[in-house]
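**Q** For reference, the sequence and a predicted model appear below.
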Amino acid sequence: MRADKTSEQKSKLNIVVAIDGPAGAGKSTIARHLARHFGLLNLETGAMYRAFALKALRLDVPLDDSAALGRLAAETDIRLEPGDDENRVLLDGEDVTGQIRNQVVTDAASRVSIFPLIRAAMVKRQQEMGSKGGVVMEGRDIGTVVFPNAEVKIFLDAAPEVRGMRRYDQIGQIGQRGPADAKPLPPPEDVIRDLRARDERDRNRADSPLRPASDAFLLDSTNLTLDEAVKAAEAAVNAWLAKREMADSQR
């Protein structure tokens, strides 16, 4: 794999790289790599929805009560801070990084994210964080809603069965922490079924449905190794940088 950019090269990259795709497609892994490789800040928007869902679960706010969730969002502060391997996720000042990765919180995040009030609140914060560029931002509507003018847009996908097994392996690695600590590891078929249900919600929600931007680079990782997928994503960014460099040289 190629070496990371030099400090001088990194300082010039004020671009926004938008990575969208369904659950289990590998967005977080690709985003972390691109952030390190190109010297960008990794803003994982899915973590923001998970943090908000965690708060709703803690306070027993019904996940189908849009009005109550909207009021909760108005009084909730969620921030992302760069860490060594992943962002630190701060919920009202509390570091909840290790509490938002279990399946219960993940499913709750998918349920609350369908409401326009919640999405509007999160999108506003995401736009604020990425307004100066120099970021990799991944989620489900970054290239279509949050940053439709992003310089590089990647839509990362894979077959549901492949994504489901990746998610199953991830659950097994991180354990069922947080509200689900007592819950045993679900069988693979349950994880795949839940992922398909989440796909259905994400792709068919009325507000900001999951879909690739018209100018996105489509990256299907079904039959790719992680290294191959990473290199393909790198190539998409490098292609844009080469295009910009050519345009600059012609001025």
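**A** Thanks, I have it. Since this is a predicted model, take the numbers as computed values, not measurements. Numbering: from 1, shown residues only.

**Q** Who are the contact partners of L156?
**A** L156 sits next to I19, D20, G21, A25, G26, K27, I30, L219, S221, A229, A233 when contact means C-beta atoms under 8 Å, 6 or more residues apart in numbering. For glycine as for every other residue, the C-beta is placed from the backbone atoms N, C-alpha and C.

**Q** An error on my part: the question was meant for E138.
**A** 18-21, 27-28, 30-31, 42-46.

**Q** go with 6 Å
**A** I19, K27, A31 (C-beta atoms under 6 Å, 6 or more residues apart in numbering).

**Q** just R196 next, same as before
**A** Counted by C-beta under 6 Å, 6+ apart, R196 has contacts P160.

**Q** So what does it look like in phi/psi?
**A** Phi and psi for R196, reported as degrees, to the nearest 10, are phi -60, psi -40.

**Q** roughly how far apart are it and N102?
**A** The gap separating R196 from N102 is 19 Å, by C-beta to C-beta, to the nearest Å.

**Q** Between the contacts of L156, identify the one with the most neighbours.
**A** Ranked by the number of neighbours (other C-beta atoms under 10 Å), the contacts of L156 place I19 first, at 32 neighbours.

**Q** The closest residue to it other than its chain neighbours bridge partners, please.
**A** The shortest distance from I19 to any non-neighbouring residue, by C-beta to C-beta, 6 or more residues apart in numbering, is to E138 (3.9 Å). With DSSP bridges as the criterion, E138 is bridged to I19, E44.

**Q** how about the helices in this protein?
**A** 7-11, 27-38, 45-58, 66-74, 103-112, 116-130, 160-174, 188-204, 226-249 (DSSP state H).

**Q** Okay, buried residues for the last one please.
**A** Buried positions in helix 226-249, judged by neighbour count with 16 or more other C-beta atoms under 10 Å: A229, V230, K231, A232, A233, E234, A236, V237, W240, L241.

**Q** what does the second one give?
**A** Neighbour-count burial for helix 27-38, counted by 16+ other C-beta under 10 Å, picks out K27, S28, T29, I30, A31, R32, H33, L34, A35, H37, F38.

**Q** on contacts alone, who are the packing partners of that helix?
**A** Here helix 27-38 touches strand 16-20, strand 41-44, strand 135-139, going by 3 or more C-beta pairs under 6 Å, 6 or more residues apart in numbering; DSSP states H and E.

**Q** can you redo those as JSON lines with mean pLDDT and distance to R203?
**A** Listed next are the helices and strands packed on helix 27-38 as JSON lines, based on pLDDT from 0 to 100; distance: least, C-beta to C-beta, whole Å:
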{"stretch": "strand 16-20", "mean pLDDT": "96", "distance to R203": "12"}
{"stretch": "strand 41-44", "mean pLDDT": "85", "distance to R203": "21"}
{"stretch": "strand 135-139", "mean pLDDT": "92", "distance to R203": "14"}
